[in-house]
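Chemist: Got a predicted structure here, sequence first:
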Amino acid sequence: MKTPEAVDRALKRGATHIGFIFFEKSPRYIEPDLAAKLAEPARGKAKIVAVVVDPTNDELDEIVSLLKPDMLQLHGNESPEHVLTIKALYGLPVMKVFSVRTADDLKRVEAYIGIADHFLFDAKAPKGSELPGGNGISFDWSLLSWLDGSVDYMLSGGLNKDNVAEALFITKAPGIDVSSGVETAPGVKSVAKIDEFFDAVEKANAPMMASGS
Ligand SMILES: O=C(O)c1ccccc1NCC(=O)[C@H](O)[C@H](O)COP(=O)(O)O
């Protein structure tokens, strides 16, 4: 999220999580002090999520002290040991992201069970992309069929108003995360598209748990 209008609309429509991207190459990058201002209306209404990629402690110190997030989303190659260190240092729940293209990409998940508090399954970035997330591409949702109720996860990757019902039907995901699918250009969220997305989720009669970043 980069504008008060987008935060406001997502909250009004029932977003459970509001994400801020702290990856400088991203068109969605936002300075921590600005993210803190934008997050104010969400505090206590939705979880404020700081999205980071292989963060240093210095980066996390600044983000956590300014934004005061409810959760950290780790979108890089953080090892289970690094996740444990981050949890111990900041005392915040962690959502570990797994980038998926094939079944092999899911083999790493087991090592994080009991370590990460939540999981996010996103599409692996296409070759040449500078962004580990927010690429607007999907993966084969049937790869998640082995997940049982013991894994608390969100699905993301190329979700939009036209495919979210099918994604939910196939995965029964307990949560969904969307970014490009509610934008008119990279990093430019559209209030109208946020509405269309939530309309589609409601129509699919899906679990009402959605986030955006
Ligand atoms: O969105 C970004 O620019 C981004 C950059 C670096 C790390 C993570 C990033 N996004 C994280 C997300 O959780 C996105 O919402 C997720 O990848 C889905 O994006 P999209 O396929 O565009 O819906």
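Modeler: Done, it's in. This one's a predicted model, so the numbers in the text were calculated from it and none came from an experiment. Numbering: from 1, shown residues only.

Chemist: Just the element for the most centrally placed residue in the chain, please.
Modeler: Residue closest to the average C-alpha location in the chain (CA atoms, centre = their mean): residue 177, at 5.2 Å. For residue 177, the host element (DSSP states H and E) is strand 176-178.

Chemist: Residue 20 too?
Modeler: strand 17-21.

Chemist: likewise residue 194?
Modeler: Going by DSSP H and E, residue 194 is part of helix 191-203.

Chemist: Could you do residue 64 as well?
Modeler: Going by DSSP H and E, residue 64 is part of helix 57-67.

Chemist: In terms of secondary structure, what does the helix or strand following that helix contact?
Modeler: Using DSSP H and E, the helix or strand that directly follows helix 57-67 along the chain is strand 71-74. Counting contacts by 3 or more CB pairs under 8 Å, 6 or more residues apart in numbering; DSSP states H and E, strand 71-74 is packed against strand 47-52, helix 80-90, strand 94-100. Using the backbone N, CA and C atoms, a C-beta is placed for each residue, glycine as well.

Chemist: what lines up beside the first one in the sheet?
Modeler: Meaning strand 47-52. strand 17-21 (parallel), strand 71-74 (parallel) (DSSP bridges).

Chemist: just the ones you listed: most buried one?
Modeler: strand 17-21 (a mean of 27; mean count of other CB atoms under 10 Å).

Chemist: did I read that right, residue 121 in a strand?
Modeler: Yes - the assignment for residue 121 is a strand, going by DSSP: H, G, I helix; E, B strand; the rest coil.

Chemist: ok, it to residue 60 distance?
Modeler: 23 Å (CB to CB, to the nearest Å).

Chemist: is residue 153 in a bridge, and if so with what?
Modeler: residue 119.

Chemist: Enumerate the residues of this protein near the ligand.
Modeler: 19, 21, 23, 26, 28, 51, 53, 75, 122, 131-136, 156-159, 177-181, 213 (CB under 6 Å from any ligand atom).

Chemist: 5 Å - rerun?
Modeler: Within the chain, the positions lying close to the ligand (CB under 5 Å from any ligand atom) are 21, 23, 26, 28, 75, 122, 131-134, 136, 156-158, 177-180, 213.

Chemist: ok and the residue in this protein nearest the ligand?
Modeler: Relative to the ligand, the nearest point of the chain is residue 134 (2.1 Å; CB to the nearest ligand atom).

Chemist: count of residues packed around the nearest residue to residue 54 once chain neighbours are set aside?
Modeler: Closest residue to residue 54 apart from its sequence neighbours, by CB to CB, 6 or more residues apart in numbering: residue 76 at 3.5 Å. Other residues within reach of residue 76, judged by other CB atoms under 10 Å, total 15.
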